[in-house]
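Peer 1: fold the following, please.
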Amino acid sequence: MNLFKKAVILALILSSIFFKVISSSADTNIETVFHVYMNDEFVGTVSDKNVIKDVVNSEVNGMEERFKDYHLILENKLTYIPEQVFRPQVENEQTIDRVKKLLTIHAEAVGLVINNSPVLYVKNSSDAEKVLQKLKQGFVSEKELSQLKAVGTKSSELPPLKENQSRLLDVSFTEKVSFNNTKVDPGSIFTVDQAVKYLQKGTRKQQVYKVKEGDVLGSIAAEHQLEEEKLLQLNPDLSEDTILQIGQELNITEYEPLVHVMVQKEIHRIEKIPYKKEVIEDPSMYKGDKKVKQKGKNGKSELTYIIIEENGKQVKKDINEEKVLKKPVNHIVIVGTKVTPSRGSGDFAWPTNGGYISSQLGQRWGSMHKGIDIARPSNRTIKAADNGRVVFAGWDGGYGNKIIIDHNNGFRTVYAHLSSINVSAGEIVPKGSAIGVMGATGDATGIHLHFEVYKDGNLMNPLSYL
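Peer 2: Got it, this is the predicted structure:
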């Protein structure tokens, strides 16, 4: 018995020693790991949460260095859940990569909203106000804006404008413009100058262009800041060899500003009132004759305009006030309505203003002198001897400048050596009307009128009818 008891005791002792050894070995393999969650989404397991914290701090510090003037915000919520595990399996590098990809760092910013749609972001409301101010200063001066701000809502109390003065009434935007506070990627935030340039340039919109004289594809593309290849893409029916037609419509794209500055001005002007022309018909005067009864005189008025401009282009102009300072005087002209008869009376008038006969019809210097010559009149106006129609008016060799009038009663008269002609073929002339000026053109020895008379085609002596 004693021997059996000793054996049992020895076995118990050895078992206890073995258990303690095993227990001690297990304790040395239990480690703490950290399960990383970003916005409650599991991203990985790391051996030490400082691995992630160091990465996040490094990323934040880097962004703060790049964007020193911005207030940055880490948008991700990071949670670390510890766990003690036997033989841990961690993914430090993979988890770091996932955290970097998912990490979101935003900056506080102010969005510029146009017609309820955000179009860009600036650092703060002060920059947003500067953007709007600079857009306005593209069309009015800083001084004018300051004066307008000082006047405020008291524009109705402004004194009347003096001659040729103008003043600003309002500067606003055609579009609805507002701001909103937001958080965005700091890399997408515009400086003031960048924002102004972007809003002024705008975006491309498709337009229709009508071809003008002298246009070619290259010139149209250059005018609208397009590559020729892009212009052809917009117009599939065209090729490089297409001959454009005036009035042909082409699709183009043009930049359209995102905002339009509307400027309202009040302008004072002294302007002339153009006189009206009045015509009075006189049946006692021949048709084609006219005389001025009263010379026209312009009037004068004092005007105040309200003008609206959009991005520098006038879109509206209304008269706000008008005062007539001097009424205009009509220009009155009396015109004849009496029809000139093309048939002569057969009773000829002397074709010049006085003068004497320097040479008569008949033989002279070995040849026939077919008419009479009249010289030294009181003035050199040549007149139609009777009513008739001009059948020739122009140059005729030795006759020089010559006029032939058919009196439509069998008679024709000829007027030669004129220095100038006042009528043209086909014109009906009344008896006594001025048809030319005496001269010495052609074969003439001095200034005179050579005058011939024909009846039924036969040469007649003019003195028989004068």
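Peer 1: from Leu199, how far out is the residue most central in space within the chain?
Peer 2: By C-alpha atoms, centre = their mean, the chain has its centre lying nearest to Lys313, at 7.3 Å. Here Lys313 is placed at a distance of 17 Å from Leu199 (C-beta to C-beta, to the nearest Å). From N, CA and C alone the C-beta is placed, and that goes for glycine too.
Peer 1: list the contacts of the nearest residue to Leu78 once chain neighbours are set aside.
Peer 2: Excluding the flanking residues, the one nearest Leu78 by C-beta to C-beta, 6 or more residues apart in numbering is Met38, at 5.8 Å. Neighbour list for Met38: Asn76, Lys77, Leu78, Thr79, Val99, Leu102 [criterion: C-beta atoms under 8 Å, 6 or more residues apart in numbering].
Peer 1: so the fifth one, which state does it fall into?
Peer 2: Pointing back at Val99 there. Counting by DSSP: H, G, I helix; E, B strand; the rest coil, the backbone at Val99 sits in helix.
Peer 1: per the record, what domains does the chain have?
Peer 2: Following automatic domain parsing, one finds the domains of the chain at 30-103, 110-200, 203-256, 262-338, 356-464.
Peer 1: now those domains as JSON lines including mean pLDDT?
Peer 2: Output for those, formatted as JSON lines (pLDDT from 0 to 100):
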{"stretch": "domain 30-103", "mean pLDDT": "94"}
{"stretch": "domain 110-200", "mean pLDDT": "91"}
{"stretch": "domain 203-256", "mean pLDDT": "89"}
{"stretch": "domain 262-338", "mean pLDDT": "94"}
{"stretch": "domain 356-464", "mean pLDDT": "95"}
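Peer 1: for those, which one sits closest to Gly346?
Peer 2: For Gly346, the closest of the domains of the chain is domain 356-464, at 5.9 Å, according to C-beta to C-beta.
Peer 1: so how far is that closest one off the chain centroid?
Peer 2: 61 Å (C-alpha atoms, centre = their mean, to the nearest Å).
Peer 1: ok, stretch 320-340 next?
Peer 2: Remark: stretch 320-340 is offset 36 Å from the chain centroid, using C-alpha atoms, centre = their mean.
Peer 1: hmm, who's touching stretch 233-241?
Peer 2: Stretch 233-241 has contacts (C-beta under 8 Å, 6+ apart) with Gln206, Leu217, Leu226, Glu228, Leu231, Leu232, Leu250, Asn251, Ile252, Thr253.
Peer 1: do you know how far the residue nearest to the fourth one when sequence neighbours are not counted is from Ile252?
Peer 2: Pointing back at Glu228 there. Closest residue to Glu228 apart from its sequence neighbours, by C-beta to C-beta, 6+ apart: Ala221 at 4.6 Å. Applying C-beta to C-beta, the value for Ala221 to Ile252 is 8 Å.
Peer 1: now the common contact residues for these two.
Peer 2: Residues touching both Ala221 and Ile252 (C-beta under 8 Å, 6+ apart): Leu231.
Peer 1: tally of neighbours for Phe384?
Peer 2: You called it Phe, but residue 384 is Ala. Neighbour count for Ala384, taken as other C-beta atoms under 10 Å: 27.
Peer 1: list phi and psi for it.
Peer 2: In terms of degrees, to the nearest 10, the main-chain angles of Ala384 are phi -70, psi 130.
Peer 1: strands of the stretch 1-150 of the chain, start to end?
Peer 2: Secondary structure of the stretch 1-150 of the chain by DSSP state E, counting those that start in this stretch: the strands cover 30-38, 41-46, 72-74, 78-86, 105-114, 117-122.
Peer 1: tell me which residues in stretch 401-418 are buried?
Peer 2: Buried residues in stretch 401-418, defined by neighbour count with 16 or more other C-beta atoms under 10 Å: 401-408, 411-418.
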